[in-house]
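J.: Need coordinates for the following:
(4 chains)
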Protein chains: 4
Amino acid sequence: MEGIVAGFTVDFEVRDSELDGQGIVNNANYLHYYEHARHLYLRSRGIDFVGMHEAGLDAVVFRIEVDYTESLRSGDEFSVGVSVAREGSLRLVFAQEIVKRSNGHIASKARVVTAIVSGGRPVRPPAELLELLLG
Amino acid sequence: MEGIVAGFTVDFEVRDSELDGQGIVNNANYLHYYEHARHLYLRSRGIDFVGMHEAGLDAVVFRIEVDYTESLRSGDEFSVGVSVAREGSLRLVFAQEIVKRSNGHIASKARVVTAIVSGGRPVRPPAELLELLLG
Amino acid sequence: MEGIVAGFTVDFEVRDSELDGQGIVNNANYLHYYEHARHLYLRSRGIDFVGMHEAGLDAVVFRIEVDYTESLRSGDEFSVGVSVAREGSLRLVFAQEIVKRSNGHIASKARVVTAIVSGGRPVRPPAELLELLLG
Amino acid sequence: MEGIVAGFTVDFEVRDSELDGQGIVNNANYLHYYEHARHLYLRSRGIDFVGMHEAGLDAVVFRIEVDYTESLRSGDEFSVGVSVAREGSLRLVFAQEIVKRSNGHIASKARVVTAIVSGGRPVRPPAELLELLLG
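T.: Below is the predicted model:
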């Protein structure tokens, strides 16, 4: 991977409604955390996710790989990191991680493969989007 | 209330991800159950919720009252009932309840006040919608 | 109502995963916001919601009334206020509201009726809990 | 992989609250579908997920890989398949897929790596659990 942009993080705190019957954050909620951090990252680069959708360009997730290494529990505060790189002509791949603020441990890592979809099929990301995203 | 249409129910089963740290279904998830049952009711009457949105008419929730009388737990199967009536010129009010199939107990009741919104403000429901909904 | 404790607020920002197909925050997600704000309020008063559960005392929601007055959309930042009062011998009633930070408008108001449940039935809130909560 | 148990499926229908602002099911909700299908699979084999938790044995997800190949939309009905195999001494790996009932297309595939955790660390799955799960 090339073009990694590091250093963007978003702070979160576990909401008790995100726990499941085991008393730990349900695995699906990590995807909400990761997505919210990605969208804030996009916005920080001047890219409006919802505006793109209204313009007929959707950033679509094609594959997610998530490692869960340490459970998140009630009251846990954590930071979600975001970096992104282009892979091939179509894919924009995000590398993300969740770090617990109490102990600095990595609670989870993710690799999220996305592409821009227009008219139902993946298209090359517009040059101005790439410039904003990776420039 | 007049014009109540009774007898429409949808069957559900608790998903463990809907439990929270107390081991009972989180209060917010009842609203998912109630909404899904309402939308299936609309569809059963020939009304397409998403199609309405695309046509510029949104059925919007203005108020929800929910009573929680018996907790739902892992494995519970339940039915969600739907009836609807017009109140005044603008409001369409749904009366709903959740019945546990194991013991027939009412686990929850809800009153959901909705209105049709177009161009940012409530409008009288179109006659053909009322005909489908209440006819 | 007496004993209202005002002035506690929690800041939030809409996550795009909380939007539904209408492009507005789904009505159920407001309950997540309200609950998270209540739990942070409890913690600010020295009350540990999960610890209570482990000690056999559950704060259970019996009724929720929510008014939705202005939709929340992608990117909206808002504050959720919490106040609480005792009603009768058993009920602890939270009054909450959601205020959009962009325009100061109240987006939603809620009244949440809770009680302490132990051994399957509501009990009088322990004196030390009331002291922390309302003192 | 060995010991694959095929043929277990669970039927679902998209709930509109599971859509996001793009009008498609949000990627996180697939994990709810996959988990619910796994838990029903466990129950069909006589394994009680919540009961295990109460007995101090938690089935914990360590890694999820999900491919999203065709979006799910309002009204879509689909089936979620479950098979499982043991990998090494600790891992129980689920292979899952989501098939749209309207066209038979695979909408998504997942590989879910789990292990039994007791006292905070992965342990060999108890023999009786393996017998129920794979026997």
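J.: Quick check: closest non-adjacent residue to A:Tyr41.
T.: Leaving aside its chain neighbours, A:Tyr41 sits nearest to A:Val82 (4.2 Å; criterion: C-beta to C-beta, 6 or more residues apart in numbering or on different chains). C-beta: built from backbone N, CA, C; applies to glycine.
J.: Which secondary structure element is home to the spatially closest residue to A:Arg15 that is not a sequence neighbour?
T.: Among residues not flanking A:Arg15 along the chain, C:His36 sits closest, at 4.2 Å (C-beta to C-beta, 6+ apart). Using DSSP states H and E, C:His36 sits in helix C:27-44.
J.: just so I have it, where are all the strands in chain A?
T.: Counting by DSSP state E, chain A has strands at residues A:8-13, A:58-68, A:77-87, A:91-100, A:106-118, A:121-123.
J.: I'd like those as CSV, with mean pLDDT and mean neighbour count appended.
T.: CSV is the format used below for the strands of chain A (pLDDT from 0 to 100; neighbours: other C-beta atoms under 10 Å in any protein chain shown):
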stretch, mean pLDDT, mean neighbour count
strand A:8-13, 97, 16
strand A:58-68, 96, 20
strand A:77-87, 96, 19
strand A:91-100, 97, 20
strand A:106-118, 97, 19
strand A:121-123, 93, 12
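J.: Reformat those strands as a markdown table; add distance to D:Pro122.
T.: What follows is those, written out as a markdown table (distance: least, C-beta to C-beta, whole Å):
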| stretch | distance to D:Pro122 |
| --- | --- |
| strand A:8-13 | 26 |
| strand A:58-68 | 12 |
| strand A:77-87 | 22 |
| strand A:91-100 | 20 |
| strand A:106-118 | 16 |
| strand A:121-123 | 38 |
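J.: need the residues of chain A near chain D, please.
T.: A:21-22, A:26-29, A:31-32, A:35, A:50, A:53, A:58, A:60-69, A:71 (C-beta under 8 Å from any C-beta of the partner chain).
J.: let's see 6 Å
T.: A:21-22, A:27-28, A:31-32, A:50, A:53, A:58, A:61-68 (C-beta under 6 Å from any C-beta of the partner chain).
J.: Out of those residues, which are close to chain C?
T.: Residues of the residues of chain A next to chain D in contact with chain C (C-beta under 6 Å from any C-beta): A:32, A:50.
J.: outside of stretch A:14-27, which residues touch it?
T.: A:29, A:71-74, A:76, B:16-17, B:19-21, B:23, B:26, C:32, C:35-36, C:39, D:31, D:50, D:53, D:58, D:61 (C-beta atoms under 6 Å, 6 or more residues apart in numbering or on different chains).
J.: ok, 7 Å please
T.: If you take C-beta atoms under 7 Å, 6 or more residues apart in numbering or on different chains as the criterion, stretch A:14-27 is touched by A:29, A:68, A:71-76, B:16-17, B:19-21, B:23, B:26, B:28, B:74, C:32, C:35-36, C:39, C:49-50, D:31, D:50, D:53, D:58, D:61, D:64.
J.: In that stretch, which residues are buried?
T.: Going by neighbour count (16 or more other C-beta atoms under 10 Å in any protein chain shown), the buried part of stretch A:14-27 is A:14-27.
J.: hey, C-alpha coordinates of it in CSV?
T.: Output of stretch A:14-27 as CSV, limited to C-alpha atoms (Å, rounded to 0.1, in the frame of the first residue of the first chain):
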residue,chain,number,x,y,z
VAL,A,14,-18.9,3.1,24.9
ARG,A,15,-22.7,3.5,25.1
ASP,A,16,-24.3,0.9,27.4
SER,A,17,-26.8,0.1,24.6
GLU,A,18,-23.9,-1.1,22.5
LEU,A,19,-23.2,-3.9,25.0
ASP,A,20,-24.8,-7.2,24.4
GLY,A,21,-25.9,-10.0,26.8
GLN,A,22,-22.2,-10.9,27.5
GLY,A,23,-21.6,-7.4,28.9
ILE,A,24,-19.1,-6.5,26.1
VAL,A,25,-19.6,-4.3,23.0
ASN,A,26,-21.3,-6.4,20.4
ASN,A,27,-19.1,-7.1,17.4
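J.: just how off-centre is that stretch within its chain?
T.: The chain centroid and the centroid of stretch A:14-27 are separated by 20 Å under C-alpha atoms, centre = their mean, to the nearest Å.
J.: Report the inter-axis angle for the helix holding C:His36 versus strand A:8-13.
T.: 70 degrees (axes from the mean of the first three to the mean of the last three C-alpha atoms, to 10 degrees).
J.: buried stuff in helix C:27-44?
T.: Under 16+ other C-beta under 10 Å, the buried positions of helix C:27-44 are C:27-42.
J.: rewinding a little: contacting residues around the residue nearest to A:Tyr41?
T.: So A:Val82 contacts A:8, A:37-38, A:41, A:94, A:96 (C-beta under 7 Å, 6+ apart).
J.: one more time with 10 Å
T.: Applying C-beta atoms under 10 Å, 6 or more residues apart in numbering or on different chains to A:Val82 gives the contacts A:5-10, A:34, A:37-42, A:44, A:94-97, A:110, A:112.
J.: Quick one: residues contacting A:Gly51.
T.: A:57, C:74-75.
J.: most surrounded residue in those?
T.: With neighbours defined as other C-beta atoms under 10 Å in any protein chain shown, the most crowded of these is C:Ser74; it has 22 neighbours.
J.: mind checking pLDDT for the nearest residue to it once chain neighbours are set aside?
T.: Excluding the flanking residues, the one nearest C:Ser74 by C-beta to C-beta, 6+ apart is A:Val50, at 4.3 Å. A:Val50 is assigned 79 on the pLDDT scale.
J.: go on, A:Glu18?
T.: pLDDT, read off for A:Glu18, is 97.
J.: what does A:Gly3 give?
T.: Reported pLDDT for A:Gly3: 35.
J.: now do A:Arg124
T.: At A:Arg124, pLDDT is 95.
J.: Correct me if wrong: it contacts A:Leu90.
T.: Yes: if you go by C-beta atoms under 10 Å, A:Arg124 and A:Leu90 touch, sitting 6.4 Å apart.
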